[in-house]
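Peer 1: Okay, here's the prediction I keep looking at, along with the sequence it came from:
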Amino acid sequence: MTVGKMSRRSLLKLMGSSAVALGVAACAAPSPGGAPAGAPAEAGPVTLRLMTWGGTDNTERRNKAVRSVYPELDEQSTVEVVVGGAGDFEVADAVRLALAAGTDIPNIVQFNRTQIAEFAAAQELLALEEAWGPYKDDMYTGAIDLCMYEGSLVCYPYEVKSKVFHYRQDMLDGMGVSTADMKTANDFIAIGKAFHETYPNSYLLNLGPQPAQYWLGELLSAYPDARMADEAGNYLVAEHQAFADTFQFIKDIYDSGLATPIDDWSSDWQQAFADEMICGSLIASWMKFFLPTFAPSQGGLWGTSLWPELAPLADQRYGSEAGGSVLVVPKRSEHLEASTEYLNKMFLDKDGALACYGATGMTPLMESARDTLMEAAANLEKPAGMSDEDWNTQPNVFFGSEYQGIELDSYNYVKVFPYDPSATKEIDILHQWLIKFLANEATLVEALDGAKADMEGQIGNPYLV
Amino acid sequence: MDTNNAAELSARRATVVAGKRKIRWGDALAPYLFISPFILAWLTLFIGPAIYSLILSFYRYKGYGTATFLGFQNYRSILTYHVFWTMLGNTIFYWLAHVIPLMVFAFLLAVLVRSKLVRWKSFFKPVIFLPNVIAVVASALVFQSLFGTQYGVLNSLLGAQIPWLQDPKLTRYVVVLLLVWRGVGWWFVIFLAGLTAINTEVEEAALVDGASAWQQMRHITLPLMRNTFLFAFVMDAISSFRLFTEVNVLVGTGGGLAPVAVAPILNLLLSNLRGAQFGMSAAVGWILFVLVVAVTYIQFRLFQESAEEVE
């Protein structure tokens, strides 16, 4: 019988039997791990799925580097790097989905520190005290603080966002001032204004009407006991001095005229550095990767230091911009031991971390690597095959050999703000009110009261999320 | 006819009726079986998640773990949140401010390209459609470069430093311009298709009767394009309420969302998702759904009333 002559009854039978066959096939589909359900565990190295955001290149280079130092890792595991989305929020969504489904949970996940509280409070992260054990004493206090949640180690430190002040050394020298003269907030503002008077086309900072959220984290984290809400879930933003100080300091900078009103990451930002309009950056250590590409012709002209103390604010040398970037092992994922073994070698072990440093430029976060790093910074040699253009954007080349020591010192001043499980939304709300305050649409009291009211109305108890 | 024959005849009739019934059942069932894959997919992928999100909107839920029933608290929180009303106002502004220039411009272009005044029609059609082919993100980034305060192309030409993307009052109009620029090609094609569908005999008859170009437009073209306009306005309203990428790429800094003063309502949904408040996010989605249904209904009524007036 040809298809063309198939009777309706035959066609219906065929469709029915196809549906049954599809159902049977679906029921017999392989398990998420790839092996059929009930099959014996596969021998040989296990595959670890590492979820990150943006792209896989950097993580894959680290992976190769650490395996070049520890080839025995190849016998234990291979790593499949997967992109959870364009940003860290998408990664968090992907992990939530996996946790809800209970399947396909990545073995290793990269997060920003602000997201850790939610998953740690939900008891979804593997406790890493034991894994850290042999290494802990060697790590910078900032790296340890980054990986702590409520007194327990739950992460591996990928990047610590310490507070480093980048400025045009040559121009400050021309004025006869140094960062040591910026003890107080008033000193800083006065020097910033004098800077613009001396160099009319240049500003010590940039600060637009929509300042980046990281301003909040940087300033607030310096306060020893500041937090958004107490343990009972009562918000403290209108009462704690840290919030008033932070808002007021940003407003003082904004109103003083010391900063050009260009927002970070706007289309003007990069060019303004190149044109010497922006001559300083009160941000975090990660600017070392951006400044050399923003203003490649200014190599050797920039200086770096810890942040000024900025009294009467809490000592602003301390703190961190949102902590940094971390890796975690979800408790409900498979191959926990292989995951921790791999991450130990990559982030806690000196040789592994130094190999990763060679591959990606990410600074190892253990004290014992300091001498090696300082020696490398003092005896820079351009690798064969690297172009002059690329070489000149290496932080130690662009900022000079002193930079490495300052960056490493800054890790001992890192203090991570105690983000709670609702941190993302709290910061959003606080930021909205900061913008209103800068635009003179709210007084300081109204802004802080408004932020508190919005947090109460939109989040409720932040620990119940 | 004896009794036996009558019984046999009756039995035969019963068999025929049963056969027909069987065929009728088959006839009735076949179409449903043919569309069943779509129905199943629709129930599984659309109706199921929709019901799930409706249920979710009454809960506090972070996407995993336990969910806590809150009743209407999520809806209350959103409707009493000043940011919701600001974002709703922004969204309505973007819709109303762009829809009239967009539709008028696209329609006039379609009329012009269809007319005998324009040569090289095959050149103009793709050129006008081109902005729609460019990715939204790319378009927004181009506009970012055009409207930068310090180094923007427009400010360089004007020799000024107008904060197009920093002053919310100005930023809103840049967004509107972007929406018009991007949308005009799409609606141009739709209107051109609508115009092409108009019977030329009707237009020729009007011409023979001495109707001017304006009279033809007023009394023939526009009435016959009513359904196309209805489709265009409804679809544009729906997409306007789902506006997201244009604004956030244009003025969201550092991968963040746009400031509240210029943000569309979908930002509230996303910020709740980012904050692991799935229930709140679902509630925003359902409020948005109700708004879109209301706006669509109003547009249908307005078009219906105008059609009745004409008749």
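Peer 2: Looks like it came in fine.

Peer 1: From here on, just use CA atoms for contacts and neighbour counts.
Peer 2: OK.

Peer 1: Can you tell me the number of residues neighbouring residue 284?
Peer 2: Went with chain A since none was named. Using other C-alpha atoms under 10 Å in any protein chain shown, A:Ala284 is surrounded by 25 other residues.

Peer 1: My question was about chain B, not that one.
Peer 2: 25.

Peer 1: Correct me if wrong: it contacts B:Ile78.
Peer 2: Yes. The pair B:Val284 and B:Ile78 passes the contact test of C-alpha atoms under 8 Å, sitting 7.2 Å apart.

Peer 1: burial count for the residue in the stretch 1-150 of chain B positioned nearest to chain A?
Peer 2: With C-alpha to the nearest C-alpha as the measure, B:Tyr64 is the residue of the stretch 1-150 of chain B nearest to chain A, at 4.4 Å. Neighbourhood size, B:Tyr64 [other C-alpha under 10 Å]: 17.

Peer 1: Report pLDDT for residue 195.
Peer 2: All of this is about chain A. The model reports A:Phe195 with a pLDDT of 97.

Peer 1: that's the other chain; I wanted chain B
Peer 2: pLDDT, read off for B:Leu195, is 94.

Peer 1: helix or strand for it, which one?
Peer 2: Assessed by DSSP states H and E, B:Leu195 sits inside helix B:168-196.

Peer 1: do that helix and chain A meet at all?
Peer 2: No. Judged by C-alpha under 8 Å from any C-alpha of the partner chain, helix B:168-196 stays clear of chain A, getting no closer than 10.2 Å.

Peer 1: excluding its backbone neighbours, what's nearest B:Val234?
Peer 2: Of all residues not flanking B:Val234 in the chain, B:Thr296 sits nearest, at 5.8 Å (C-alpha to C-alpha, 6 or more residues apart in numbering or on different chains).

Peer 1: List the contacts of the residue nearest to A:Gln76 when sequence neighbours are not counted.
Peer 2: Nearest non-adjacent residue to A:Gln76, counting by C-alpha to C-alpha, 6+ apart: A:Pro45, 4.4 Å away. Going by C-alpha atoms under 8 Å, 6 or more residues apart in numbering or on different chains, A:Pro45 touches A:Asp74, A:Glu75, A:Gln76, A:Ser77, A:Thr78.

Peer 1: Helices - which of those residues land there?
Peer 2: In this view, those that belong to helices under DSSP state H are A:Asp74, A:Glu75, A:Gln76.

Peer 1: what residues go with each domain of the chain?
Peer 2: Went with chain A since none was named. Domain assignment for chain A by automatic domain parsing gives A:46-161+A:322-386, A:163-319+A:422-464.

Peer 1: That was the other one, I meant chain B.
Peer 2: B:3-56, B:73-310.

Peer 1: Show me the one of those domains that comes nearest A:Glu341.
Peer 2: Relative to A:Glu341, the nearest member of the domains of chain B by C-alpha to C-alpha is domain B:73-310, separated by 30.6 Å.

Peer 1: which ones are touching B:Pro259?
Peer 2: By C-alpha under 8 Å, 6+ apart, B:Pro259 lies in contact with A:Gln210, A:Gln432, B:Val251, B:Gly252.

Peer 1: ok so, going back, mind checking the pLDDT average for the helix or strand following the helix holding B:Leu195?
Peer 2: Remark: after helix B:168-196, the chain's next helix or strand is helix B:200-208, criterion DSSP H and E. On average, the pLDDT along helix B:200-208 is 88.

Peer 1: Hmm, A:Trp132 and A:Thr340 touching each other?
Peer 2: No. In this structure, A:Thr340 is not within contact of A:Trp132 by C-alpha under 8 Å, at 9.3 Å.

Peer 1: quick one on the thing from earlier: of all the contacts of B:Pro259, which two lie farthest apart?
Peer 2: Farthest pair in the contacts of B:Pro259 (C-alpha to C-alpha) is A:Gln432 and B:Val251. Separation: 14.3 Å.

Peer 1: Which one's more surrounded, the two?
Peer 2: More crowded of A:Gln432 and B:Val251, by other C-alpha under 10 Å: B:Val251, with 29 against 20.

Peer 1: residues contacting the residue lying closest to the more buried one once chain neighbours are set aside?
Peer 2: The shortest distance from B:Val251 to any residue other than its chain neighbours is 5.4 Å, reached at B:Ala258 (C-alpha to C-alpha, 6+ apart). Residues near B:Ala258 by C-alpha under 8 Å, 6+ apart: B:Val247, B:Asn248, B:Val249, B:Val251, B:Gly252.

Peer 1: Then B:Phe84?
Peer 2: By C-alpha under 8 Å, 6+ apart, the residues touching B:Phe84 are B:Ile78, B:Ile265, B:Leu268.
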